[in-house]
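Trainee: Pasting the sequence and the predicted coordinates here, then a few questions.
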Amino acid sequence: MKVLDLNISFEQYNDIAELNDKDRSLCEQSEQALSGSYSPYSKFRVGTAIRLKSGQVILGSNQENLAYPSGLCAERVALFSIGATYPDAFIESMAITAQTDHFEILKPVTSCGGCLQVMVEFERKQSSPIEVIFYCLNGEILKVPSVKSLMPFAFVEDRLER
């Protein structure tokens, strides 16, 4: 038997003013994406902004449905939009934020496991890391250099690949 440790590296910022211009702009665009959220049940809005290598930014927001499993998270809305519209696009980074009127969000909201799995797939497809920024409005920001560091045991089955 072996005991192994996993470690991840990430950057932590106290607020958006500490970010470089490109990252600050991406976070601001994720905040703008909140307006497209359809969340009448949870009242928990999530916005995502994804910057492509071309410089174009694609937005996504969570979309709920009365049949709860039929809804979709903001990250997957944006990623699947990219997959359908720009299948050969190269993703550089993505910013994710959340907001609710029911309580104050004090820490960055991170992606669910389903979204992380999809993010890993996009990262594998382009054979290059995707930087992820978790942005707490008026608060702390976490920045990771690669999705793989967030999901080290992602489902991967090489025999299913092309």
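Mentor: Thanks, I have it.
Trainee: what's the first-to-last distance across stretch 7-14?
Mentor: End-to-end distance for stretch 7-14, by CA to CA, to the nearest Å: 22 Å.
Trainee: quick one, phi psi at K2?
Mentor: Torsion angles at K2 (phi, psi; degrees, to the nearest 10) stand at phi -120, psi 150.
Trainee: What ranges does this structure have for its helices?
Mentor: For the chain, applying DSSP state H gives helices covering 21-33, 74-85, 113-126.
Trainee: which other helices and strands contact the last one?
Mentor: Helix 113-126 sits against helix 74-85, strand 91-100, with contacts defined as 3 or more CB pairs under 8 Å, 6 or more residues apart in numbering; DSSP states H and E. (C-beta placed from N, C-alpha, C; glycine too.)
Trainee: what's the angle from the helix or strand bottoming out on mean pLDDT in the chain to strand 91-100?
Mentor: In the chain, the helix or strand scored least confidently by mean pLDDT, DSSP states H and E is helix 113-126, which has a mean of 95. Calculated by axes from the mean of the first three to the mean of the last three CA atoms, to 10 degrees, helix 113-126 forms an angle of 170 degrees with strand 91-100.
Trainee: Report the buried residues of helix 113-126.
Mentor: Of all the residues in helix 113-126, those buried under the rule 16 or more other CB atoms under 10 Å are C115, L116, Q117, V118, M119, V120, E121, F122, E123.
Trainee: Can you name the residues that contact V120?
Mentor: When contacts are counted by CB atoms under 8 Å, 6 or more residues apart in numbering, V120 is found next to V147, K148, M151, A154, V156.
Trainee: give me that answer again for 10 Å
Mentor: V120 is in contact with I130, S146, V147, K148, L150, M151, P152, A154, F155, V156, counting by CB atoms under 10 Å, 6 or more residues apart in numbering.
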